[in-house]
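In: just the structure for this:
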Amino acid sequence: MPIELIILIAAIIVAWLVFTWLIKIVKVSLKTALAIAAIVLILQIVFGIGPRDLWEQIWRLPETIRDMSR
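Out: A predicted model of the protein is given here:
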């Protein structure tokens with residue numbers, strides 16, 4: 001086998017592995033984004049808690065955990 005053919009086969013395998021890895025990353029990211037959107041929507045509809053309220057609580061989370069551990 002010529003070396004060019006071996007390099008071509010290796011390049012195709014590497015490209016396929018990178019492509020499948022990227023597809024997996026995109027699928028997980030979309031699932032996470034949809035889950036976050038659903039949670040925020042439920043909080044807003046059911047409890048009247050907006051995204052800004054949730055974001056403020058996330059920023060205060062380390063302080064809240066620190067206060068609870070005392």
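In: name the SS class of residue 53, please.
Out: Put simply, residue 53 is helix when judged by DSSP: H, G, I helix; E, B strand; the rest coil.
In: now for it, how many residues are close by?
Out: 13 (other Cβ atoms under 10 Å). For every residue, glycine as well, the C-beta is placed using N, CA and C.
In: distance-wise, check it relative to residue 44.
Out: 9 Å (Cβ to Cβ, to the nearest Å).
In: output stretch 26-37 as CSV - backbone C-alpha positions only.
Out: Extracted in CSV, the C-alpha atoms of stretch 26-37 (Å, rounded to 0.1, in the frame of the first residue of the first chain):
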residue,chain,number,x,y,z
VAL,A,26,-24.4,19.2,20.0
LYS,A,27,-27.1,16.7,21.0
VAL,A,28,-26.2,17.0,24.7
SER,A,29,-26.0,20.8,24.5
LEU,A,30,-29.5,20.9,22.9
LYS,A,31,-31.0,18.6,25.5
THR,A,32,-29.5,20.7,28.3
ALA,A,33,-30.7,24.0,26.7
LEU,A,34,-34.2,22.5,26.3
ALA,A,35,-34.3,21.3,29.9
ILE,A,36,-33.2,24.8,31.1
ALA,A,37,-35.8,26.5,29.0
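In: ok, now how distant is the residue nearest in space to the middle of the chain from residue 23?
Out: Nearest to the geometric centre of the chain sits residue 29, at 3.7 Å (Cα atoms, centre = their mean). Separation of residue 29 from residue 23 (Cβ to Cβ): 11 Å.
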